[in-house]
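1. I would like the atomic coordinates for the input below:
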Amino acid sequence: MKMIDLKDIIKLFKIDTYKEVKHVSFTNVTNNIKKINNDTLVFHIYKKDELNVEEYNNLSNCYIVTDQPILKSQSIVSGNILYVTNVKKAYSTFINYYRALFDIPVVAITGTCGKTTTKEMIKHVLENKYKVAATKSSRNSLEFNLEYLLSIDEETEFGVFETGVSYPGNLILGCEYFKPTIGVITNIGMDHLSGCKTFENYMRTKGEMLAGLGYEGTLIINNDDTNIKQLDFSPYEGTIITFGIMDQANFFADQIKYEDEGMSFCLHYDSKAYEAYAPGFGEHNVYNALAALSVLDTLGIDLEESIEYLSSFKHIRSHLQFHNGINNSIIVDDTWSSNPPSMKAAFEVLSNKGKEKVKIVVLGKLPSQGDYAIEHYKQIAQLIIDYKIDFLITKSSITNNVSKKVEELGMNEDRIIHCKNNTQVKSALEGLLDANSIVLFKKSMFDQSITKIMNKYISD
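-> Below is the predicted model of the structure:
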């Protein structure tokens, strides 16, 4: 982070109780009273957390911003307490102050699927020449935003951040940290309904990207996504750029082909055609590449250069990773996410790469979809039928509901194996894995039991 002087903080919060201000520079800022340290500015946001007074009194230049009085009995070094009338407002003021120190382009990315890969693609291309601040992996919850904001310093040239959505308002709060100049909506499918309650509310929550951009700047959207098209863009006064492979878009791809390690396609943009390649399988990966290239072009990066750098991109773990399995089988690790859009993408890849093979799907725990759970089961079951999956192995009460729906849709019950424990899953798999089989593992990223089973059968 850029070092912040105490005198600037006192001026920012209009604290007039300090007649003489020490020369102190902060090298860290936190909103967690439990993370006190030397040369740290601490905002006491979470009032239930108490200060470790003994530890605090032994620190050097640790200042606490609070709207609560200290107790005389605590024997705190009171000169390092900065009193404000509302600590949450003071924290927000600091966020705005710090972000305003840097005049750089910032990209915010949301979507049910693809936001992490799109962010990583953009970051991969930019980092060949520029200093980039970005979300780590898919750690996109609000609790990490201060850390990411502070990762911007005097050398940073671009910011690329995911804006996750667990509840309505999350996306706007994320944008308040980063003040994005470019926003991306990759797609909108069913997810996070435990927080948003209804799918309609979830769609609106994704649409908060418009407000997050202040209804100006550049918004980049998937032109093929029917749910995105339900959003009312009439209040938006900025530039809208589209990408897609079905309906004509600003960034349009056709001639899409599966290659040995990824997807080749022809990109059409601004009356020109470009041969492009995206590592990793599936049409969804072409969408990710189109979104990334749209952003990079908007940032002023040469398009041909971006396409060249994109070809060396490496996916993060558990995103349709192909492995050699025991008995010369093929194991596909797609255990990062298990919402319906990611299911469809995975089944499409399994169908294309598993031609002439016995296609097996292992489903672990799935995320709760609240009142939409039955619709969720139906969607997954229909995908299993549509993509002609040969064997379905499930574990957990939720995936058992998928098993029942698949049987109702006509799948032979002998090919539906519901397991009560890991031992039964292993037993079912060991009888199916051979040189003619390909098995896809899908589950919530929090279900580690299925991951352990999968790893047992990977031989590379």
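
2. Pro238 against Tyr215, yeah?
-> Heads up, residue 238 is Gly, not Pro. Yes: the pair Gly238 / Tyr215 is scored as a contact, 6.8 Å apart, by Cβ atoms under 8 Å. To be clear about C-beta, it is placed using only N, CA and C from the backbone, and glycine gets the same treatment.

3. compare those two and say which is more crowded by neighbours.
-> For Gly238 and Tyr215, the more surrounded residue by other Cβ atoms under 10 Å is Gly238, and the numbers stand at 17 against 13.

4. need the contact list for that one.
-> 213, 215-219 (Cβ atoms under 8 Å, 6 or more residues apart in numbering).

5. so where's the stretch 251-400 of the chain shaky on pLDDT?
-> Counting by pLDDT under 70, the stretch 251-400 of the chain contains no low-confidence residues.

6. mind redoing it with 90?
-> Judged by pLDDT under 90, the stretch 251-400 of the chain has its weakly predicted residues at 337-340, 364-377, 395-400.

7. any chance you could map the strands in it?
-> Read by DSSP state E, counting those that start in this stretch, the stretch 251-400 of the chain holds these strands, from start to end of the chain: 251-258, 262-269, 272-279, 321-324, 330-333, 358-363, 391-395.

8. now the first one against strand 262-269, angle please.
-> In this case it means strand 251-258. 160 degrees (axes from the mean of the first three to the mean of the last three Cα atoms, to 10 degrees).

9. partners of strand 251-258, with directions?
-> Based on DSSP bridges, the strands next to strand 251-258 in the sheet, each with its direction, are strand 239-244 (parallel), strand 262-269 (antiparallel).

10. export the ones you listed to a markdown table and tack on distance to Phe347 and mean neighbour count?
-> Compiled in a markdown table, the strands paired with strand 251-258 are given as follows (distance: least, Cβ to Cβ, whole Å; neighbours: other Cβ atoms under 10 Å):
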| stretch | distance to Phe347 | mean neighbour count |
| --- | --- | --- |
| strand 239-244 | 21 | 19 |
| strand 262-269 | 16 | 19 |
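
11. now distance to Ile45 too, for those strands, in CSV please.
-> Listed next are these as CSV, based on distance: least, Cβ to Cβ, whole Å:
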stretch, distance to Ile45
strand 239-244, 36
strand 262-269, 44
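
12. rewinding a little: so which of the strands of the stretch 251-400 of the chain gets nearest Lys456?
-> Put simply, out of those the one that sits nearest Lys456 is strand 330-333, at 10.0 Å, with distance taken as Cβ to Cβ.

13. which outside residues touch that closest one?
-> When contacts are taken as Cβ under 8 Å, 6+ apart, the neighbours of strand 330-333 outside the stretch itself are 317-318, 320-325, 346, 349-350, 353-354, 357, 437-441, 454, 457-458.

14. now swap in stretch 15-28 and tell me
-> Under the contact criterion Cβ under 8 Å, 6+ apart, stretch 15-28 has outside partners 1, 3-7, 9-10, 37, 39-41, 61, 63, 82-84, 150.

15. again, only using 10 Å
-> With contact meaning Cβ atoms under 10 Å, 6 or more residues apart in numbering, stretch 15-28 is reached by 1-11, 35-42, 60-63, 65, 79-84, 90, 150.

16. so for it, mean pLDDT?
-> Taken as a whole, stretch 15-28 has an average pLDDT of 85.

17. and that stretch, how far apart are its ends?
-> Taking Cα to Cα, to the nearest Å as the measure, stretch 15-28 stretches 21 Å from start to finish.

18. also stretch 224-237?
-> Terminal residues of stretch 224-237 are spaced 22 Å apart (Cα to Cα).

19. so how far is that stretch from its chain's centroid?
-> The offset between the C-alpha centroid of stretch 224-237 and the centroid of the whole chain comes to 21 Å, using Cα atoms, centre = their mean, to the nearest Å.

20. please apply the same query to stretch 309-329.
-> Relative to its parent chain, stretch 309-329 has a centroid offset of 19 Å by Cα atoms, centre = their mean.

21. what does stretch 350-364 give?
-> 26 Å.

22. repeat for stretch 414-421
-> Remark: stretch 414-421 is offset 32 Å from the chain centroid, using Cα atoms, centre = their mean.

23. quick check: the farthest pair among the contacts of Gly238?
-> Of all pairs drawn from the contacts of Gly238, the one with the largest separation by Cβ to Cβ is Tyr215 and Thr218; the distance is 11.9 Å.
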